[in-house]
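Participant: Here is my input, please return the structure:
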Amino acid sequence: MQAFIENEARSLIKNIYNESTLQCISTRNITVPYPYPYGFIPRTLGEDGESLDCFIVTSQVLQTGKCFDVQLLGMLEHFENGVEDHKVLLSLKNDDVLLTDSIKSQIVVFYEELSRIVQDRKIHLGKFLSQKETLEYIHYCSYAA
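Facilitator: Have a look, this model is predicted:
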């Protein structure tokens, strides 16, 4: 599986890409830095009408605008204005990463901070799902290129 990086870890710039062409179409400033590289899983379509969002849990610097081979860690249930917008959690392929409470906490804190700052969006977080549940969800949301 591959993931496309839109935003580098600790960045205060949100890049917005055309998910079909992988071309950057705009950028904007944000006030809460991403805890990990953030992007999407190509050839998926979530309930929000966009590709499935993801974080790649790594200490490596991953360049924006690139695809990386990844493996599943799990997923955070995330709802924005009542619409399902779950966040898939990945690691680089062959990296030995465990989804620890510390990692989960960093992601939860990121969204809690965003929900305090961004008044036009109501963010609700659910539970963390297993690798098996995440894989089933990704298969449900996948389509052929």
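Participant: alpha carbons only for contacts and neighbour counts from here, please
Facilitator: OK.
Participant: how about low-confidence regions in the protein?
Facilitator: Confidence mapping of the chain against pLDDT under 70 gives the ranges 145.
Participant: In it, which residue is most central in space?
Facilitator: Nearest to the mean C-alpha position of the chain, counting by CA atoms, centre = their mean, stands residue 54 at 2.1 Å.
Participant: Residues contacting the longest strand anywhere in the chain, please?
Facilitator: Under DSSP state E, the strand in the chain containing the largest number of residues is strand 67-80. Strand 67-80 is contacted by residues 1-5, 56, 84-94, 97-99, 121-135 when judged by CA atoms under 8 Å, 6 or more residues apart in numbering.
Participant: Can you give me the buried ones in it?
Facilitator: For strand 67-80, the neighbour count (16 or more other CA atoms under 10 Å) marks 67, 68, 70, 71, 72, 73, 74, 75, 76, 78, 79 as buried.
Participant: how about those in JSON lines, adding distance to residue 116?
Facilitator: As requested, the buried residues of strand 67-80 are exported to JSON lines (distance: CA to CA, whole Å):
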{"residue": "67", "distance to residue 116": "31"}
{"residue": "68", "distance to residue 116": "32"}
{"residue": "70", "distance to residue 116": "31"}
{"residue": "71", "distance to residue 116": "31"}
{"residue": "72", "distance to residue 116": "29"}
{"residue": "73", "distance to residue 116": "27"}
{"residue": "74", "distance to residue 116": "25"}
{"residue": "75", "distance to residue 116": "22"}
{"residue": "76", "distance to residue 116": "19"}
{"residue": "78", "distance to residue 116": "15"}
{"residue": "79", "distance to residue 116": "15"}
